[in-house]
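>>> Curious how this folds, go ahead:
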Amino acid sequence: MTPGLPMSVPAPGLPARVRIHEVGARDGLQNEQTVIPTEVKAEFIRRLADAGLDTIEATSFVHPRWVPQLADAERLFPLVSELAARLPVLVPNERGLDRALALGADRIAVFGSATESFAKANLNRTVDEALAMFAPVVARAKEAGAHVRGYLSMCFGDPWEGPVPIPQVVRVCRALLDQGCDELSLGDTIGVATPGHVTTLLTALNEAGVGTDVLGVHFHDTYGQALANTLAALQHGVTTVDASAGGLGGCPYAKSATGNLATEDLLWMLHGLGIETGVDLGRLTATSAWMAERLGRPSPSRTVRALSHKE
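All right, here's what the predicted structure looks like:
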């Protein structure tokens, strides 16, 4: 057992390797009130890549009025585009896609909602209107040879509508895949999911012809359930998990949401289960501690705090 790592005790029925889809540089930073210098963001992404993360969501090509923190997308992306890591970017519409493709981005993400209330709050559209907006974005991205991820928020609960019916989630997932998305990220935007709910949704998606291999999970830790929910997804065969270095981020349109699942907390569990990730926990912890200093507050990640306290 290496100092700073848990003892590895594999459990049956789990994948041998998990790909972490790191969202700290985009989802994690987008709600920061103080504008973070572009060079600091670029250094953050470089350090994440150096820690072994091979998928790092870099930025969003959204209108600066909506997310001022990401107004520097055109300046940031060229500073990190030489990295070997995959660098997905979020695009809200065709204009955002044009900006991303012009810089050579080859991994695109669109962000939809399973509920009408959140679609209205976040996109000012109905669910079906949002899907219609995504259709040409996905089609053109695929024509350009890009990989397309579809984010689906409010898959488990909505702050206005309450629990979300599983068939409603399945319908929107199916629609995004039918448009041409290569993978889907199932978002528990307000952190209300529990393991049985996770398993039931994944089973329903499989029954609707959605393979587990195209599904990722994105849990928030509002009620302390993110790791339990992740384990349930792994037991079902999911091998892509979204997480945010240091537990940065939340959702600006869901006031009850706390931060994303911390990548370090996820790594502690995965390493303890003997699951390969390719990520160096020590380097990642140091990176999150470095970023926390720049933000002027301690990391919310329990693992970052525990390992930093030992040093």
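>>> ok, now which ones touch the residue nearest the centre of the chain?
When CA atoms, centre = their mean is applied to the chain, the residue found nearest the centroid is D242 (4.0 Å). Neighbouring residues of D242 by CB atoms under 8 Å, 6 or more residues apart in numbering: I20, H21, V23, S185, G216, V217, H218, F219, N260, L261. No exception for glycine: its C-beta is placed from N, CA and C like everyone else's.
>>> Bridge partners for the closest residue to the fifth one other than its chain neighbours, pull those for me.
This points to G216. Leaving aside its chain neighbours, G216 sits nearest to T240 (3.5 Å; criterion: CB to CB, 6 or more residues apart in numbering). Legend: beta-bridge partners of T240 under DSSP bridges are R19, G216.
>>> For T189, see how far away T240 is.
To T189, T240 is 18 Å away according to CB to CB, to the nearest Å.
>>> Those two - which one has more neighbours?
Shown here are T240 and T189; by other CB atoms under 10 Å, T189 has more neighbours (30 against 22).
>>> Return the distance of that one relative to F219.
For T189, the distance to F219 - CB to CB - is 10 Å.
>>> can you tell me which helix or strand V172 belongs to?
Following DSSP states H and E, the helix or strand that holds V172 is helix 166-179.
>>> Only the buried residues of the strand or helix carrying A130, if you could.
For A130, the element it lies in under DSSP H and E is helix 127-143. For helix 127-143, the neighbour count (16 or more other CB atoms under 10 Å) marks V127, A130, L131, M133, F134, V137, V138, R140, A141, K142 as buried.
>>> could I get stretch 7-19 in CSV with only the CA atoms?
Only the C-alpha atoms of stretch 7-19 are listed here, as CSV (Å, rounded to 0.1, in the frame of the first residue of the first chain):
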residue,chain,number,x,y,z
MET,A,7,-5.5,-0.6,0.3
SER,A,8,-6.7,-2.2,-2.9
VAL,A,9,-9.4,-4.8,-2.3
PRO,A,10,-11.2,-5.6,-5.6
ALA,A,11,-14.9,-6.4,-5.5
PRO,A,12,-16.7,-8.7,-7.9
GLY,A,13,-18.8,-7.5,-10.8
LEU,A,14,-17.0,-4.2,-11.4
PRO,A,15,-15.2,-2.9,-14.5
ALA,A,16,-11.5,-3.2,-14.6
ARG,A,17,-11.0,0.3,-15.8
VAL,A,18,-13.0,3.6,-15.5
ARG,A,19,-12.6,6.7,-17.6
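>>> Now it: buried residues?
In stretch 7-19, counting by 16+ other CB under 10 Å, buried: L14, P15, V18, R19.
>>> For it, the averaged confidence score.
The pLDDT scores in stretch 7-19 average 97.
>>> count of residues packed around the residue nearest to H236 when sequence neighbours are not counted?
Setting aside the residues directly before and after it, H236 is nearest to L202 in space (CB to CB, 6+ apart), at 4.7 Å. Look at L202: counted by other CB under 10 Å, it has 21 neighbours.
>>> in the host helix or strand of L202, what's buried?
Assigned by DSSP H and E, L202 belongs to helix 195-207. By neighbour count, with 16+ other CB under 10 Å as the criterion, the buried positions of helix 195-207 are P195, H197, V198, L201, L202, L205.
>>> what does stretch 291-308 give?
Residues M291, A292, L295, S299, P300, S301, T303, V304, R305, L307, S308 are the ones in stretch 291-308 that count as buried (16+ other CB under 10 Å).
>>> Serialize these to a markdown table and add fields for pLDDT, distance to R86 and secondary structure.
Compiled in a markdown table, the buried residues of stretch 291-308 are given as follows (pLDDT from 0 to 100; distance: CB to CB, whole Å; DSSP: H, G, I helix; E, B strand; the rest coil):
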| residue | pLDDT | distance to R86 | secondary structure |
| --- | --- | --- | --- |
| M291 | 96 | 20 | helix |
| A292 | 93 | 25 | helix |
| L295 | 92 | 25 | helix |
| S299 | 89 | 24 | coil |
| P300 | 89 | 26 | coil |
| S301 | 93 | 23 | coil |
| T303 | 96 | 24 | helix |
| V304 | 95 | 24 | helix |
| R305 | 93 | 29 | helix |
| L307 | 94 | 26 | helix |
| S308 | 88 | 28 | helix |
